[in-house]
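Asks: Structure, please.
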Amino acid sequence: MAERSTSVARRPRRKRDPEGTREAILEAARGVLAQDGKEGLSVAQVAQVAGVNRGTAYQHFQTREQLIEATAAWVAEKLNQAAFGDPATTHDTPVDALVEKVMGGLSEFAMENPELGRVWLYELLSSARPSADQFWRQYKEQMERFTHTDFARPGIDVEVHSVVMLAGTFLWPVWVRAHARTAKERKEMTERFTREMLRLSLQGTLRPEKFPDLDAKVGGKKRK
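Replies: Numbers count the residues shown, from 1 in each chain. Predicted coordinates:
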């Protein structure tokens, strides 16, 4: 009786709120991906976790690839928020503060969402149209703009640099998970990664004299 009541209670929500049902399916997919990775995902399993029947789930997503693609799009949106925040205020943020904010925000997101971050990265790297991804497009455009300012060193290959930075950001949590046992250790390793990426940027893409505070913070020994 309890199962029948639950089934009846769910039915109106699925019929009257298809967008709500779709979001419930995507939320379940994110949970499965976060726990089991891409290899453990199937439409049938996600339907069970979401509490909808398989037929309903297949109406929204015919294949697991569509589920993964939709999840990657959601991750891209969250990455935009983590890295750049409110677009209305980003333009008012000083360049030196923005550099640290972007790297710190990405590192924290990657550490908190290791499986989702890797799914997003692999989907991007294998995509025939990476520019269709919201976050990649924004990240690359911001980097392109940066190279035309007095804050950047000359000769930066925007595409290569962007891929290297993002790949490192989303693969570092794999290493951390194997070597950090506590939340405190994970936090410390996140801070270490952010610091090192900023230090490398000061050596390769940023003009240190334009970022004196950042250089003093992470640049190590004073340059001669």
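Asks: Contacts only, for the residue nearest the centre of the chain.
Replies: The structure's the chain has its C-alpha centroid closest to L79; by CA atoms, centre = their mean the separation is 4.3 Å. Residues in contact with L79 (CB atoms under 8 Å, 6 or more residues apart in numbering) are 106, 109, 120, 135. Glycine gets a C-beta too; all of them are placed from N, C-alpha and C.
Asks: now, among those residues, which is nearest to A28?
Replies: W120 (17.6 Å; CB to CB).
Asks: follow-up on the earlier one: and the residue nearest to the centre of the chain, what element?
Replies: helix 64-84 (DSSP states H and E).
Asks: what comes up buried for that helix?
Replies: Going by neighbour count (16 or more other CB atoms under 10 Å), the buried part of helix 64-84 is 64, 67-68, 70-76, 78-80, 82-84.
Asks: ok, the residues you listed vs G155, which is closest?
Replies: Of all those, G155 sits closest to A83, with 24.1 Å by CB to CB.
Asks: I figured that closest one hits W136, correct?
Replies: No - in this structure, A83 is not within contact of W136 by CB atoms under 8 Å, at 11.2 Å.
Asks: what's the overlap in contacts for the two?
Replies: Common neighbours of A83 and W136 (CB under 8 Å, 6+ apart) do not exist.
Asks: Please tell me how far F84 sits from H179.
Replies: 30 Å (CB to CB, to the nearest Å).
Asks: make that M111, sorry
Replies: For M111, the distance to H179 equals 13 Å [CB to CB].
Asks: Need the residues touching each of the two.
Replies: Overlap between the contact sets of M111 and H179, as judged by CB under 8 Å, 6+ apart, is given by M189.
Asks: I am finished for the moment; much appreciated.
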